[in-house]
Each structure stands twice: as C-alpha cells, then as structure tokens.
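# sequence? don't have it. structure:
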C-alpha cells in the first residue's frame, strides 16, 4: 500500500526566509508519480509539480525547487525568499501503478504561514 | 486549458435531505473522475473513482448507498449525498483525468456542504 508522510504540520516563517517542506513516501511499485499541491484559504488545489520515479533530477521553478531522492524516498519542496502569498496548506501526493485509475494518496498537509 | 468546474460552490441543506454536486470538465473529456472529501484541517481522502458509463468504485468505508455517483458523460460526474446528516458536512472536491493521460488529474474548486 502506498503512503505519504508529511511530518511537519505547521511551519511559520518571516517573509524572505527560505523554507523546506518535507515529504517521505512509501510504495512497492517501481513506477510512480509524486506531486505537490498548494491549497490556499480559498480551498482550490493548485498544482505545483509532477515528477515520475525515473527522473531524479532536481527541479527549479522561480522561487520553488524540489529535491527528489529515491534512496531516502523523499521529495522535498523548498521555497526561497518566502512571501506572504505563499501562506497556504501544501500537500505532497503519490500515484502508483499505471492504469486507468491512478489514485492519488495525499499526505496530511503542511500549513505554512509567512509573516510580514 | 484543463479546467474543471464544480457546482454549487457551497450549499446548506437540512438534515435528511439530499444534495447533488456536479463536476464538469470544461475543455477536455474525462474518462475517469475522482471524488474526494476533506474535513477541516485534514487531508483529502478519496471517496470513489468513477469511469464514464460504468459503476463507481468506492473506497473502503464509504457508503455507496449514501454517496451516489453518476458519470453519465465524458464531461460530467455527479455526487449525490442522500439523507444528509451534520457529520456529512465537509468540503467535497472532484478531479478529472483526461483520456489516455493516467497521471494527470485536474481538480475542481470544491463544494462546501453544510448540513444543519
């Protein structure tokens, strides 16, 4: 069975600080996808990134970067120079086994508060 | 592209009544749609997976007679909460998966249900 653990529940930082959100996953499959979503107070999920299990290259998108390490089953997310608008709940998710119904398993989420 | 809408965005109903929530993929055909439930300050929990033209597959612990799912077309899935009770109050989110793209899911904005 697949599982996603986000051990941090709440993080509070001051604007312009860097912050890393941790994600550890469990799966028996060799083929799987990892995701990060942002959920602002409005509730709508915002897709941030999808990474497949065969691509361990780190990725950077503006102030966002992701570190995927299969050796430690982790897919951590770093926000550089955080801003108040980054305040939201962030979910890491896993989808395993190719097929018609690739279900997403979500972690419990990390509430990030960025203070001015 | 890849927009998913939900209607209504919020609804208040009395205990014992039924309420229907619609999920539409606006600019693509969704062979598979997923329904999630999210209680306050908790993660998204998958309720069921529906494929167009066939019966939905419910996750363990989800009452299929209480949460009726219909996926009548490639752009529309509905979730009907029958005989709603206050404990059914939650945020319901749907997602739609384009045909042939098993690792892509596009989320709707969610429907907040309050049962009084």
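Noted; the coordinates are in hand. As the structure is a prediction and not an experimental result, all values here were calculated from the model.

# make it CA atoms for all contacts and neighbour counts henceforth
Noted.

# Spell out whether the helix or strand containing residue B:37 and chain A are in contact.
Using DSSP states H and E, residue B:37 falls within strand B:30-38. Yes. Contact of strand B:30-38 with chain A (Cα under 8 Å from any Cα of the partner chain) involves residue B:32.

# Distance from the chain centre to the helix or strand just after that strand, please.
Following strand B:30-38 in sequence order, the next helix or strand is strand B:44-51 (DSSP H and E). In terms of Cα atoms, centre = their mean, to the nearest Å, the centre of strand B:44-51 is set 7 Å apart from its chain centre.

# and strand B:44-51 with strand B:30-38, angle?
If you take axes from the mean of the first three to the mean of the last three Cα atoms, to 10 degrees, strand B:44-51 sits at 150 degrees to strand B:30-38.

# now strand B:44-51: mean pLDDT?
For strand B:44-51, mean pLDDT is 93.

# Now do residue B:97 against residue B:13, distance only.
30 Å (Cα to Cα, to the nearest Å).

# before we move on, what about residue B:71?
According to Cα to Cα, residue B:71 stands 23 Å off from residue B:13.

# more crowded one of these two?
For residue B:71 versus residue B:13, the count of surrounding residues by other Cα atoms under 10 Å in any protein chain shown is larger for residue B:71: 24 against 16.

# shouldn't that one be in contact with residue B:94?
No. Using Cα atoms under 8 Å, residue B:71 makes no contact with residue B:94, being 11.9 Å away.

# Common neighbours of the two, please.
Both residue B:71 and residue B:94 are contacted by residue B:33, under the criterion Cα atoms under 8 Å, 6 or more residues apart in numbering or on different chains.

# Next up, the contacts around the nearest residue to residue B:67 once chain neighbours are set aside.
The spatial neighbour of residue B:67 that comes closest, neighbours along the chain excluded (Cα to Cα, 6 or more residues apart in numbering or on different chains), is residue B:81 at 4.9 Å. Counting by Cα under 8 Å, 6+ apart, residue B:81 makes contact with B:18-20, B:66-68.

# Residue B:43 now?
Neighbour list for residue B:43: A:91, A:106-109 [criterion: Cα under 8 Å, 6+ apart].

# Now pLDDT, distance to residue B:62 and secondary structure too, for the residues you listed, in CSV please.
Shown next, in CSV, are the contacts of residue B:43 (pLDDT from 0 to 100; distance: Cα to Cα, whole Å; DSSP: H, G, I helix; E, B strand; the rest coil):
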residue, pLDDT, distance to residue B:62, secondary structure
A:91, 97, 22, strand
A:106, 95, 17, strand
A:107, 96, 19, coil
A:108, 96, 19, coil
A:109, 97, 22, coil
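
# Report the buried residues of stretch B:51-67.
Within stretch B:51-67, the residues scored as buried using 16 or more other Cα atoms under 10 Å in any protein chain shown are B:51-52, B:56-58, B:64, B:67.

# Residue A:4: which of the residues you listed is nearest?
Residue A:4 lies nearest to residue B:58 out of the buried residues of stretch B:51-67, by Cα to Cα, at 20.6 Å.

# I'd guessed the closest one sits against residue B:47; true?
Yes. If you go by Cα under 8 Å, residue B:58 and residue B:47 touch, sitting 6.0 Å apart.

# which residues of chain B fall in strands?
Assigned by DSSP state E, chain B shows strands spanning B:4-7, B:10-13, B:19-25, B:30-38, B:44-51, B:57-58, B:67-73, B:76-81, B:90-98, B:106-107, B:111-115.
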